[in-house]
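Peer 1: Predicted model and sequence below, questions to follow.
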Amino acid sequence: MGYSKIYAAQNFINPSNGYLVDDTCVFGVEVFVAKSLGLGECLTLKSPNSVCHKWKISNFSTLGNEHYESFTAGNHHWRLHLYPRGDQNNRDKNLSIFLCLVHSVDQKVKATFTIRLKGKAGKTHQMTGGYWFNPTKEWGMPSFLPLSTFYDCLAGDEFLLEAEVEVLGTVSKLP
């Protein structure tokens with residue numbers, strides 16, 4: 001690294017400027033070495049490949065407060081968390097659904113997703129988005145669907161929940 005022209009040559013060789021004395025010049029350099037803090041990240045872009053995980057939920061009326069299903073998409077482990085009667089803030093009001101990244105060696109994973117609920121007579125409800133996931137933080141929809149609307153979608157006591165996930169990139173710490 002350097003500079004191709006830091007000072008015009010005609011100014012440098014002009015004796016009245018004092019840079020040359022007896023056709024000699026002395027240069028000095030100061031070098032500063034900064035201690036590395038070791039903080040850095042590496043962004044890796046992935047070839048988009050969408051995975052659609054289908055989870056058939058039967059005997060809905062007998063489920064407890066939390067139910068989950070694990071799957072793999074984009075070489076990462078994911079988990080769908082279903083709160084049949086709502087999470088702690090939506091108890092007995094809404095169906096709550098959360099998508100979680102599980103056990104990732106990468107610090108963060110950028111993914112787009114569609115969470116889709118399919119019920120009787122072709123009734124479908126879905127939510128689409130994108131998020132930077134990490135294993136300590138889940139993304140969710142505490143109010144995915146009001147329970148009154150959801151009960152109208154039930155086919156008997158079952159329904160299908162789909163999670164379509166596409167990993168776009170990952171961020172990991174530099175060694």
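Peer 2: Okay, I see it.
Peer 1: Now do the helices in the protein.
Peer 2: 9-13, 147-153 (DSSP state H).
Peer 1: Alpha carbons only: can I get the first one in CSV?
Peer 2: Okay, so that is helix 9-13. Once non-C-alpha atoms are left out, helix 9-13 reads as follows in CSV (Å, rounded to 0.1, in the frame of the first residue of the first chain):
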residue,chain,number,x,y,z
ALA,A,9,8.2,16.6,-7.9
GLN,A,10,8.8,20.2,-9.0
ASN,A,11,8.0,21.4,-5.5
PHE,A,12,10.2,18.7,-3.9
ILE,A,13,13.3,19.6,-6.0
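Peer 1: what's that helix in contact with?
Peer 2: Asn17, Tyr19, Leu20 (CB atoms under 8 Å, 6 or more residues apart in numbering). All C-beta atoms are positioned from the backbone trio N, CA, C, and that covers glycine.
Peer 1: just for this protein, where's the confidence low?
Peer 2: 1-3, 38 (pLDDT under 70).
Peer 1: And the residue nearest the centre of it?
Peer 2: Trp132 (1.8 Å; CA atoms, centre = their mean).
Peer 1: how close does the closest residue to that residue other than its chain neighbours get to Asp92?
Peer 2: Residue nearest to Trp132 in three dimensions, not counting chain neighbours: Lys108, with 4.9 Å by CB to CB, 6 or more residues apart in numbering. Lys108 is 35 Å from Asp92, where distance means CB to CB, to the nearest Å.
Peer 1: swap in Asn65?
Peer 2: Asn65 is 11 Å from Asp92, by CB to CB.
Peer 1: can you give me the offset of stretch 145-157 from its chain's centre?
Peer 2: Here stretch 145-157 shows a centroid-to-chain-centroid distance of 31 Å under the convention CA atoms, centre = their mean, to the nearest Å.
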